[in-house]
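K.L.:
sharing a sequence plus its predicted fold:
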Amino acid sequence: MGEVRSIFGRPFLIDPDAAPGSPDAKWPDPPLGQNILTDHAIYHSREHFAREWNDLWARTWNIAGRESDAARPGDFFRFDLGPESFIVVRGEDGALRAFYNVCQHRGSQLVDEDFGRRRKLVCPFHSWCWKLDGRLDRITDRETFADAVVADEPPLAAARVATWGGFVFVNMDLHAAPLTDYLAELPGILDVYRPEDLVVVKDVSATWPINWKIGLDAFMEGYHAHMRHPELIRLIDDYHFQHDLFGRGHSRMIIPFARKSPRLPDPDALTPELGVLLAEAGLDPADFAGRAQDLRAPYIAARRAWGERYGLDFGRYSDSQVADDWNLNVFPNVTLNVHPEGILVMRFRPHASDPETCHYDVWVLARTSPVAGFRLPFYMDAPDADLSGQAPRPARRYIRHGEDGMGAVLDQDGAQLPLVQRGVRSRGFGGVRLGYQEIRLRHYYEEYHRYLPAR
Ligand code: FES
Ligand SMILES: [Fe+2]
């Protein structure tokens, strides 16, 4: 493939004038080749699913939850991943630990709740008990067990745990490289947002009839937006995303807001969706009728003023950070839609046993403000969130595929993706053919196959 050119006369850059090394600058693309990805068994084969568990999931750092959900001694949350379940718990000594959620007596899971607070971890079956640091506390009726069975005082089995940006990561590989190495360039890009200050204002988990990667793939490209998300392309330029490919499989796509799709007729016409965007930033859409092509500068200025009003310190962000969705992929299974006022997190987890089912988690993490009237913009899809900083953390809501509740855009993907799942297993499917708008997938699968060499 030669150089990729837009037919609309604009480069695939958020800001052609961005200085090299500045936050908005395009990263040079590494060489990736142009293969057709013919190994589509990765989306449906049980044999591959088992291999993936051992060679990928058991070796990577995985986002398990938020540190704020295990803030005080005794606070814990449960993290289920494929066939495993973990307890992430804050000890009396203030240290955060992760244990496999399994009793060393006869294997019952120890906790069933999503979140909670305990002084000790007591098994619900025969009441064996562990301290929060994983040491055995008590065996009920100890005198009835021979020493040969319990002399080792079995502790809970530990996994590695590390934190960055308020996210808790768990790794089953006790010899894995440290999280800071694993995250490569991501902290350098994201630290300015201070993600550790964000609070959870929405937490939804759905079960979808697709392989987890079919879901992730769709959230790493904007190419499908013109078909699946007609209202979205009336406020974003779905064609000219900027794609940046980092180390270790992580990547970014910058989604330009306040610039409608060049696919739409009448480039100057203001759409209702752009009108909402402007109004939420404090502008009067009527002032911009017929001016859809020069909204960026006034929108960015208005957003900065909006941030100022609520004490959000937008001064530290670049223009693109203020306006756009910085969509970051955290290898292997999380997408962060980063905005200065919050992050929309999407996480795809494999099912315990079925390669064609996954768990799709959506969290909204938001900044708080004591200033009355602070609300998240509509694209965060959490209109009723209490952002005062005083509200309790919402409970996790579980929804089945086909039930409403993920939000309109995500429901559109939910209707489409099972068609992909059924198609990729067809004998008539020749392989995945990727274009420039899908370059993050090509980069992602290069890293993926470092863990799982193609056979
Ligand atoms: S299985 Fe846990 S105490 Fe028996
Ligand atoms: Fe989508």
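P.N.:
Yep, it's here. Just so we're clear, the structure is a prediction, and the values are computed from it rather than from any experiment. Numbers count the residues shown, from 1 in each chain. Ligands and ions are numbered 1, 2, ... in the order given.

K.L.:
over to the residue nearest to Y239 when sequence neighbours are not counted. Which of the three states is it?
P.N.:
Leaving aside its chain neighbours, Y239 sits nearest to P262 (5.5 Å; criterion: C-beta to C-beta, 6 or more residues apart in numbering). The way it works is simple: take the backbone N, C-alpha and C, and place the C-beta from them, glycine included. Following DSSP: H, G, I helix; E, B strand; the rest coil, the label given to P262 is coil.

K.L.:
show me what contacts P262?
P.N.:
Shown in contact with P262 (C-beta atoms under 8 Å, 6 or more residues apart in numbering): 8, 10, 237, 239-240.

K.L.:
so how far is ligand 1 from it?
P.N.:
Computed as C-beta to the nearest ligand atom, to the nearest Å, the P262 to ligand 1 distance reads 61 Å.

K.L.:
ok so, going back, now the buried members of the contacts of P262.
P.N.:
Neighbour-count burial (16 or more other C-beta atoms under 10 Å) is assigned, among these, to 237, 239-240.

K.L.:
redo the contacts of P262 as a markdown table? Include secondary structure.
P.N.:
A markdown table is the format used below for the contacts of P262 (three-state DSSP):
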| residue | secondary structure |
| --- | --- |
| F8 | coil |
| R10 | coil |
| D237 | coil |
| Y239 | coil |
| H240 | coil |
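
K.L.:
can you narrow these to ones near ligand 1?
P.N.:
For ligand 1, no contacts are drawn from the contacts of P262 by C-beta under 6 Å from any ligand atom.

K.L.:
closest one of these to G307?
P.N.:
When the contacts of P262 are ranked by distance to G307 (C-beta to C-beta), D237 comes first, at 22.4 Å.

K.L.:
now P230: how far from ligand 1?
P.N.:
Distance of P230 to ligand 1, given as C-beta to the nearest ligand atom: 53 Å.

K.L.:
then L387?
P.N.:
42 Å.

K.L.:
ok, now G9?
P.N.:
G9 is 67 Å from ligand 1, by C-beta to the nearest ligand atom.

K.L.:
tally of neighbours for that residue?
P.N.:
G9 has 7 neighbours, counted by other C-beta atoms under 10 Å.

K.L.:
residues of this protein that sit close to ligand 1?
P.N.:
Residues of the chain lying close to ligand 1 (C-beta under 6 Å from any ligand atom) are 103, 105-106, 108, 123, 125-126, 128.

K.L.:
could you rerun that using 8 Å?
P.N.:
Within reach of ligand 1 by C-beta under 8 Å from any ligand atom, the chain has these residues: 103-108, 110, 123-128, 140.

K.L.:
Q437: which of the residues you listed is nearest?
P.N.:
Closest approach between those and Q437, by C-beta to C-beta: L110, at 45.7 Å.

K.L.:
look up the pLDDT of the closest one for me, please.
P.N.:
Here the pLDDT value assigned to L110 is 98.

K.L.:
quick check: it touching P124?
P.N.:
Yes. Using C-beta atoms under 8 Å, L110 makes contact with P124 at a distance of 7.4 Å.
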